[in-house]
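> here you go, sequence then predicted model.
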Amino acid sequence: MSRKTAMLHPDRLLPADPAVRATARALYERVADAPIVSPHGHCEASWFAEDAPFPNAADLLITPDHYVLRMLASQGVSYEALGVPRADGSRADVDPREAFRLFAAHYHLFAGTPSRVWLDHALHVVLGVPERLGPATADAVFDHVAAQLASPAFRPRALYERFGIEVLATTDNATDTLDAHRALKALAFGRIVPTFRPDALTDPLREDFAASMQRLEEQTGENVTDWSGLLKALRARRADFARLGATATDHGVLAPVTADLPGPACQALLDKARAGTITADEAALFQAQMLTEMAAMSVEDGLVMQIHAGSRRNYAPSVFARYGRDKGYDIPATVAWADGLKPLLDRFGFEPNLRMVLYTLDETAYGRELAPLAGAFPTVLLGAPWWFFDSPEGMRRYRSQVIETAGFHNTAGFVDDTRAFLSIPARHDMARRMDAGFLAGLVAEHQIGTDEAFALIGELAGGLARRAYRTGTGQAAPGSDRATA
Amino acid sequence: MSRKTAMLHPDRLLPADPAVRATARALYERVADAPIVSPHGHCEASWFAEDAPFPNAADLLITPDHYVLRMLASQGVSYEALGVPRADGSRADVDPREAFRLFAAHYHLFAGTPSRVWLDHALHVVLGVPERLGPATADAVFDHVAAQLASPAFRPRALYERFGIEVLATTDNATDTLDAHRALKALAFGRIVPTFRPDALTDPLREDFAASMQRLEEQTGENVTDWSGLLKALRARRADFARLGATATDHGVLAPVTADLPGPACQALLDKARAGTITADEAALFQAQMLTEMAAMSVEDGLVMQIHAGSRRNYAPSVFARYGRDKGYDIPATVAWADGLKPLLDRFGFEPNLRMVLYTLDETAYGRELAPLAGAFPTVLLGAPWWFFDSPEGMRRYRSQVIETAGFHNTAGFVDDTRAFLSIPARHDMARRMDAGFLAGLVAEHQIGTDEAFALIGELAGGLARRAYRTGTGQAAPGSDRATA
Amino acid sequence: MSRKTAMLHPDRLLPADPAVRATARALYERVADAPIVSPHGHCEASWFAEDAPFPNAADLLITPDHYVLRMLASQGVSYEALGVPRADGSRADVDPREAFRLFAAHYHLFAGTPSRVWLDHALHVVLGVPERLGPATADAVFDHVAAQLASPAFRPRALYERFGIEVLATTDNATDTLDAHRALKALAFGRIVPTFRPDALTDPLREDFAASMQRLEEQTGENVTDWSGLLKALRARRADFARLGATATDHGVLAPVTADLPGPACQALLDKARAGTITADEAALFQAQMLTEMAAMSVEDGLVMQIHAGSRRNYAPSVFARYGRDKGYDIPATVAWADGLKPLLDRFGFEPNLRMVLYTLDETAYGRELAPLAGAFPTVLLGAPWWFFDSPEGMRRYRSQVIETAGFHNTAGFVDDTRAFLSIPARHDMARRMDAGFLAGLVAEHQIGTDEAFALIGELAGGLARRAYRTGTGQAAPGSDRATA
């Protein structure tokens, strides 16, 4: 994809010092157009299977983006005025142009935020908007975007090609039909793979736990009221995902607690979970045991196990009640990684076929727990700075606190983790620029040589992610994917 | 106020890189002489009502400044030798000149601390001292200061004018007579407003709780043994403060825990508190409920609610017993903001008239909890880096961890929060320099344009604080004070 | 020691900005060849007493270095393949040359880590290796090192002299015979002093607690089943250490909890500890009380009390079982300093003869608890960034979070804390370069003058450590060792 535009400075996000910037620019240029490896994110396979045009600038850039929504709400803009869809499927009758004007009138709020960088990139680089967004240009930008979206060049599949995506992973409930993925396979389009996310089956307190268990039983024919039947059913679904190209699972937890219980204790917890009589402590223990079971299955099938921990979901009950999940009111929590993972690591920490990638919303754990764990256990890699920390300063803190203890090769490379498809190139571009700047700083301080920096920028821009997520061959390749000299 | 002196480099605290410094200097120059907005601090209204001269350099710069005292004590200087007033009102018979010599002999200890920056500014810019303070110059500096303090130009009111103060808020017990504020109003001098701080009424374990309740009853004529009577009395006092210009309340707590209890439970806690039979847990619950009540009253009367959390007060019992509060032995604690505030935010988080400004001594909460809360709730703003973190590096960490998630407009601007009157210009000057440097960095990395940086420096140097504290009109102006394009 | 080599850039680790670098270089040059003050570390006195040659490059640089081992293990290299000695004393029959080849093949893993800096310095500056280590040069480097180690110039005593060591402290069990120290004293070689570390006597849950108590009884002739007898025995051993030059004690704890119990309660805990019936909570209380007793003895004998807190030891049970302690699987934990130390500080916080140096693996405590404590209590100094944080970025975070609150003079200077003897010059060199860079930054921002920076670099490169550890005279010198103007 052409990434040049007169609207954005070619040296944006590179270090200010002229000598360091020159090195950073050379490093960035080396990978600026490298293929995008996106092994974790929240795009929908159906977008590509159906290839329908995106609707309009407001429904493309505002209402689905919880980063944008929460910032507008924080300054008193109501979700109703923006036409945010409600949990019940209804939505206020808002003209998308009016919503976009409201957004444009508040665009100054994003100064200094990564959303601003992503949105500017989407507007100017992807959509070719020739002027800065603001109150005075809202209508012109809206119209320009409308014209672009009407063109075949801006359909999902065309953009996928233009973005230079090598692999794109979606994130899917364990009981998803995967119909869209099947359709894509039939089309032989691109490489869009599912990711197995069993949260609705592992957390008995979720409102959709019972229904998900029911569905799992139907899909697999296993008796999931029986502990060993449940494990069999999960194994079967994992295999279904792997057949459609999945190389990873994903586990979203508030706390990454694990357990290693004997079978009868597991059965007892399952009984209570199914009966709906489980206590909060027991539910946490069930979830902890399930994480360990997932690790056990990863040892068998080689699916890379992602753990995303520390998000206190749906903190504002009024927003959750009216608009549902993922609307900007998730607040990070402290995370006790080392204590939580110990039972799992005691059992599987040195299994050659296990690969865990850890993502945290508690940055204090970077230096204190995560880098030491990733820098010692062959099964542990540290994922990229996540969510609120997927930002220039977030990346700086991550590099500052992680690399000296874990090295580069125990990190899992960049993932964009987005449901905002148009922001994918922007996010990888930001990471590549920040990584180039970080490496240039090491070169400037003579900690590494220029030759090493050029080798490492390639790793950071794709190589590490390919190996971490085992996407190199499309096959889980146990043991064959460690760094070599 | 003239801020030039040959003793201090004009580019102090600006970024080292020449190109970035040039931008920072231009930004700083734009606001260097802007009026001082000081909506939170600990000066005394009586200083200005009485306008008596300050006594001498030791009692001006050393004994009232707990930053200075603790540093001297940390290297073995005793409070007795400095003549620090004791809790019982007595003090060692120490010649102020001797105390000042002792201070000067240890002035090297402050290298690299903000106290050094503030003291140098007070000495050279405010007091016009023409030489560096040190053992050899102690007497000369002491004499120079004495001569200045004897002049009318160094009386409190003259300095207030010279400093260019637009508004100065004091912090006052809820049961304060506010006589000095009344006197100032009669004098029509300046704009010095009280702040309603009810800590002695909301924490039943304080030694002055019973006496404060008694006083509240006398002042308001309400029956404060009755829960609804207590609330009425508090409302009445808030109105008294507002009539004298208050736009804010202030709440100092170790942990920002809130509660939302039914009336009978509140009455039961109050009964035990008044009877002196309340347990520590119950006292914490009482305090938590009171925070929520204060929010409810802010919804009614529009007073901005400040919460200062995380100070473990009076950590050294021997110092507290001999010298009392605020003597340098308060040690920060971890703060669980998101859990603590949830009951309050569940009830009032989207109230258009509520405004909360949060101050933390636990910096780990910036990125993990505070910026996400301020960046989502329209009622929450994040206060400036506080106390130990009101410093160049503290400001850098704050900007690095807050802005990307909350943006600039969900921060409350700078407050000097000081009882060291002579340090007020120094503190605002430091903040303006650091903000100019931060913005210049964003410009240098092409994250914002120069035009945006010039707009933002004005916000940071006064605009945000005016809006956050609703001082623009001297009136709480519900709903009218959000950022607009 | 000549520190020049064409293999390493003379400006390595200095700031990138040319003007700042020039100042930093001048500051660094001032102390580059200053004597090495090493008052805390883990070298063995016997190396110098026996002065035997080091065996080979693998057993010198790889198998004893847990930083190196864990990084190799994290990428799948087994300890067996490296010939790491097992806990039972056996080891795999591995050719050291093969182990070194394996290391060389993975040397790229260390890019960006402090191990890389230390290893490069040891190879090129200390050992004179003329080429970069990598797979292609493994054999040549191995042979070069072998040739060097065979020469008398690379014996321990010769290197001690060449490194310019002024004082080197070892760390020794409280019941150590100290024979090697006695031999060194007889030889009148150098200044190698023991440090009293009683962990095996203060933690009743250690496997060697009973044996250590038995040994203590034999060594001292005191009845250590009696609380006062135990204290007498500990006093006697401390005196033995002091006679051999010790100026400090060392205490390794997960949590720095202290207690101040009455005698009968202490006796009861000791009874249970000796009987092996003590619970985990009681054992923690025993350990807490022992820390306070150690402080009481330091008040008497002037030994400086070091506390190293926050290491969750032996996190991987399989590694511990097979290879024993200190093999790279210690993971930091959160540390509650202010709560933990309160009982001790309530009692001894202002004792003129007490000196405590605190080391943390929880960096969040720097600004929140440790700098405020060190910046207020005359008995508390903050130790250098430790272990994972003994690194360029770790030092930057430490300076950024500590100095503004505690000043330079409440920090204890640099300690290398290493068992890798050849890394000692590298570690001090890194610290001196980073400190020069930090001071140059303060000069560039006009926070301190150049004259102050030159005075401070001398303090940071040795003066602070000498005073903190009272090594100036070889005698604990109560009260005489505070900073003076």
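Arrived safely, thanks for sending.
> and chain A, what are its domains?
Taking automatic domain parsing as the criterion, chain A consists of the domains A:53-154, A:164-468.
> comparing those, which comes out most buried?
Across the domains of chain A, averaging neighbours per residue (mean count of other Cβ atoms under 10 Å in any protein chain shown) puts domain A:164-468 on top, at a mean of 21. (C-beta placed from N, C-alpha, C; glycine too.)
> ok, now how distant is the one residue sitting closest to the centre of chain A from A:P135?
The centroid of chain A falls nearest to A:D417 when counting by Cα atoms, centre = their mean (2.1 Å). Separation of A:D417 from A:P135 (Cβ to Cβ, to the nearest Å) stands at 31 Å.
> for A:A265, same thing?
61 Å.
> can you check A:I278 too?
With Cβ to Cβ as the criterion, A:I278 and A:P135 are 53 Å apart.
> tell me the secondary structure of the residue lying closest to A:L205 once chain neighbours are set aside, please.
Leaving aside its chain neighbours, A:L205 sits nearest to A:A283 (4.9 Å; criterion: Cβ to Cβ, 6 or more residues apart in numbering or on different chains). In three-state terms, and counting by DSSP: H, G, I helix; E, B strand; the rest coil, A:A283 is helix.
> and the gap between A:A283 and A:T202?
Distance from A:A283 to A:T202, by Cβ to Cβ: 10 Å.
> touching, the residue nearest to A:L205 and A:T277? I think so.
No - A:A283 lies out of contact with A:T277 (Cβ atoms under 8 Å); the separation is 10.6 Å.
> can you redo the domains of chain A as TSV with distance to B:Q219 and mean pLDDT?
Below are the domains of chain A laid out as TSV (distance: least, Cβ to Cβ, whole Å; pLDDT from 0 to 100):
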stretch	distance to B:Q219	mean pLDDT
domain A:53-154	36	97
domain A:164-468	38	98
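> right, and those - which one's nearest A:L27?
The closest of those to A:L27 is domain A:164-468. By Cβ to Cβ, the value is 3.9 Å.
> am I right that A:V167 falls within a strand?
Yes - looking at A:V167 with three-state DSSP, it is inside a strand.
> partners of it in the sheet?
A:V37 (DSSP bridges).
> pretty sure it is touching A:T471, no?
Yes - with contact defined as Cβ under 8 Å, A:V167 counts as touching A:T471 (4.9 Å).
> joint contacts of those two?
A:V37, A:P39, A:V193 (Cβ atoms under 8 Å, 6 or more residues apart in numbering or on different chains).
> separation between the last one and chain C?
When Cβ to the nearest Cβ, to the nearest Å is the yardstick, A:V193 and chain C sit 25 Å from each other.
> now swap in A:A420 and tell me
In terms of Cβ to the nearest Cβ, A:A420 sits 31 Å off from chain C.
> and the closest residue to that residue other than its chain neighbours, its phi and psi?
Leaving aside its sequence neighbours, A:A420 sits nearest to A:D65 (Cβ to Cβ, 6+ apart; 5.1 Å). Backbone torsions for A:D65, taken as degrees, to the nearest 10, come to phi -110, psi 100.
> for A:D65, list the residues it contacts.
So, once contact is read as Cβ under 8 Å, 6+ apart, A:D65 ends up touching A:S115, A:R419, A:A420, A:S423.
> secondary structure added to those, as JSON lines?
Below are the contacts of A:D65 laid out as JSON lines (three-state DSSP):
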{"residue": "A:S115", "secondary structure": "helix"}
{"residue": "A:R419", "secondary structure": "coil"}
{"residue": "A:A420", "secondary structure": "coil"}
{"residue": "A:S423", "secondary structure": "helix"}
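> those: which two are farthest apart?
Greatest spatial distance in those: A:S115 and A:R419, 13.6 Å, computed using Cβ to Cβ.
> circling back: let me have the domains of chain A in TSV, extended by distance to C:A365.
Conversion of the domains of chain A to TSV gives the following (distance: least, Cβ to Cβ, whole Å):
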stretch	distance to C:A365
domain A:53-154	29
domain A:164-468	10
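> in chain A, which spans are strands?
Counting by DSSP state E, chain A has these strands, from start to end: A:36-38, A:165-169, A:172-173, A:192-193, A:196-197, A:248-253, A:304-309, A:311-312, A:331-332, A:356-360, A:380-382.
> so for B:A384, which of these sits nearest?
strand A:331-332 (21.3 Å).
> same for the closest one, what does it pack against?
Packing partners of strand A:331-332 (3 or more Cβ pairs under 8 Å, 6 or more residues apart in numbering or on different chains; DSSP states H and E): strand A:311-312, helix B:371-374.
> mind giving me the packing neighbours of the last one?
If you count contacts as 3+ Cβ pairs under 8 Å, 6+ apart, helix B:371-374 packs onto strand A:331-332, helix B:337-348, strand B:380-382, helix B:392-406.
> quick one: distance of it to the chain centre.
Relative to the centre of its chain, helix B:371-374 is centred 21 Å away, using Cα atoms, centre = their mean, to the nearest Å.
> quick one: contacts of that helix?
Helix B:371-374 is contacted by residues A:74, A:330-332, A:388, B:337-338, B:341, B:345, B:358, B:380-382, B:401-406, B:410-411 when judged by Cβ under 8 Å, 6+ apart.
> one more time with 7 Å
A:74, A:331-332, A:388, B:337-338, B:380-382, B:401-402, B:405-406, B:410 (Cβ atoms under 7 Å, 6 or more residues apart in numbering or on different chains).
> quick check, nearest of those residues to chain C?
For the contacts of helix B:371-374, the minimum distance to chain C (Cβ to the nearest Cβ) is 12.4 Å, reached by B:Q401.
> let me see the contact set for the closest one.
Counting by Cβ under 7 Å, 6+ apart, B:Q401 has contacts B:Y366, B:G367, B:A371.
> I'd like those residues laid out as TSV, including distance to C:R91.
Below are these laid out as TSV (distance: Cβ to Cβ, whole Å):
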residue	distance to C:R91
B:Y366	48
B:G367	46
B:A371	51
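> ok, those residues vs C:L149, which is closest?
After measuring these against C:L149 - Cβ to Cβ - the closest member comes out as B:G367, at 48.9 Å.
> next one: the closest one from A:T334, what distance?
As judged by Cβ to Cβ, B:G367 and A:T334 stand 12 Å apart.
> could you do A:T63 as well?
Separation of A:T63 from A:T334 (Cβ to Cβ): 32 Å.
> same question for A:R91.
Taking Cβ to Cβ, one finds A:R91 at 36 Å from A:T334.
> again with A:I448
Relative to A:T334, and taking Cβ to Cβ, A:I448 is found at 34 Å.
> okay, helices next: where are they in the stretch 151-300 of chain A?
A:156-163, A:179-187, A:199-202, A:209-220, A:227-243, A:263-275, A:280-301 (DSSP state H, counting those that start in this stretch).
> which elements pack onto the longest one?
For helix A:280-301, the helices and strands in contact under the criterion 3 or more Cβ pairs under 7 Å, 6 or more residues apart in numbering or on different chains; DSSP states H and E are helix A:227-243, strand A:248-253, helix A:263-275, strand A:304-309, helix A:337-348.
> how about these in JSON lines, adding distance to C:P152?
Putting the helices and strands packed on helix A:280-301 into JSON lines (distance: least, Cβ to Cβ, whole Å) gives the following:
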{"stretch": "helix A:227-243", "distance to C:P152": "63"}
{"stretch": "strand A:248-253", "distance to C:P152": "57"}
{"stretch": "helix A:263-275", "distance to C:P152": "65"}
{"stretch": "strand A:304-309", "distance to C:P152": "53"}
{"stretch": "helix A:337-348", "distance to C:P152": "46"}
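> to chain B, which of the ones you listed lies closest?
Closest among these, using Cβ to the nearest Cβ: strand A:304-309, at 12.5 Å.
> elements contacting the closest one?
strand A:248-253, helix A:280-301, strand A:356-360.
> from memory A:A146 sits against A:P55, does it?
No - counting by Cβ atoms under 7 Å, A:A146 does not reach A:P55; the two are 9.4 Å apart.
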